[in-house]
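>>> Let me see the structure of the following:
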Amino acid sequence: MNIRSLTRGDGVVIGAAVLLFIASFLNFSGTPDCTGPLAKYCEAAAQNAGSLNAWDSLPTLMSLYLAGVFAAAIIVVTRMLPQPRKVIGIDLAQFGVALSVFAAWTAFWYIIGANAGPGLILGLIAALVLAGGALATPLVPALQAALISAPKPQAAAPYGAGTTPGYGYPGAQQQAGQGYGYGYPGGQQAGQMPGQQGPGDATSGGAVGATPAGATPAGGSPAGGAPADFAPFWFAVPVARPLYGEDGSPSPIAELAPGTWYLAVEQRGQALIAQTQDGRRGVLQDTTGIQRG
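Residues are numbered from 1 along each chain as shown. Below is the predicted model:
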């Protein structure tokens, strides 16, 4: 689970669920108007009714208050999962949205047919906000923004100066002997001394300036159609986005979450070939709004 994959819409859902849970402890019914010849009997019933809350009625508690709380929990938990989950063929996120609408629908009819108290009024407001946030999050771009913003990339420190960030952040130093690090041209080979010629620079066995095997000739483009001037870079996504397999499979192999840095190793048109921290590679089709490190 990744808490940084939560959106502002999920924050609205969480806040409404907390408000709904608080409302379940407030008086469910208001005090009736006790006038007329039967006022003494009405006053006795009003004292009992005014002290009841949702926890004194199991059907009301489950169909309105806890239904909304359970709906919010399902929506938030499925958002933090790397891949959507299904139970008996039903998508859990969609079930959570449907359950939130059911809670709001139940609260609406309760308040019409009853002498509403503060617990019922606050419960209706919270249930409407909960259902509205669950339905509007996929439709409103402002609610799709990350609830917890990604940390800013740290500037790369000079070699040997102080501590540097670990794997997964731009500017991280590699282990000794690995040179400039993965994917960057001009890096020294393992065990190569500074100033020492690398393989292919020696004059024996080939002319000086000959193109090494597998390298891109001047003016050409590398294999796979990637731009000739492309260099690997670190990036972060503004919202959770799926990472698809390089074989063109329609099912995502991973989900890129906000707040985590990923390495772009290749460009294919508008898409990027990204590598996760565990070494998996895939195609990021939606590259709009990414933050480069």
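
>>> P82 is in contact with T260, isn't it?
No: the criterion here is CB atoms under 8 Å, and P82 misses it with T260 at 11.6 Å. Yep, even glycine has a C-beta here, placed from its N, CA and C like the rest.

>>> For F28, give me its contacts.
L52, N53, A54, D56, S57, T60, A114, G117, G119, L120 (CB atoms under 8 Å, 6 or more residues apart in numbering).

>>> buried stuff in stretch 89-107?
92-93, 95-97, 99-104, 106-107 (16 or more other CB atoms under 10 Å).

>>> Ignore what I typed, I meant stretch 239-258.
Here stretch 239-258 shows A240, R241, P242, L243, Y244, P252, I253, A254, E255, L256, A257, P258 as buried, counting by 16+ other CB under 10 Å.

>>> pLDDT averaged over that stretch - what is it?
Across stretch 239-258, pLDDT averages out at 85.

>>> quick one: terminal-to-terminal distance for it?
5 Å (CA to CA, to the nearest Å).

>>> what comes into contact with that stretch?
So stretch 239-258 is in contact with 2, 4-5, 7, 79, 82-83, 144-146, 148-150, 236-238, 262, 273-274, 276, 280-286, going by CB under 8 Å, 6+ apart.

>>> Of these, select the buried ones using a PyMOL command.
Of the contacts of stretch 239-258, the buried ones go into a single PyMOL selection, burial set by 16+ other CB under 10 Å:
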select buried, resi 2+4+5+7+79+82+144+146+150+236+237+262+273+274+276+281+282+283+284
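
>>> I'd like to know which of the contacts of stretch 239-258 are part of helices.
Residues of the contacts of stretch 239-258 located in helices (DSSP state H): R79.

>>> Let me know how buried D56 is, in neighbour terms.
10 (other CB atoms under 10 Å).

>>> Just give the nearest non-adjacent residue to it, would you?
In this structure, D56 finds its nearest non-sequential neighbour in F28, 7.7 Å apart by CB to CB, 6 or more residues apart in numbering.

>>> which residues touch V140?
G9 are the contacts of V140 under CB under 8 Å, 6+ apart.

>>> typed the wrong thing, it's A136
Shown in contact with A136 (CB under 8 Å, 6+ apart): G9, L143.

>>> Give me the pLDDT value at it.
At A136, the pLDDT recorded in the model is 91.

>>> repeat for the one 10 residues further on
Reading off the confidence values, A146 has pLDDT 79.
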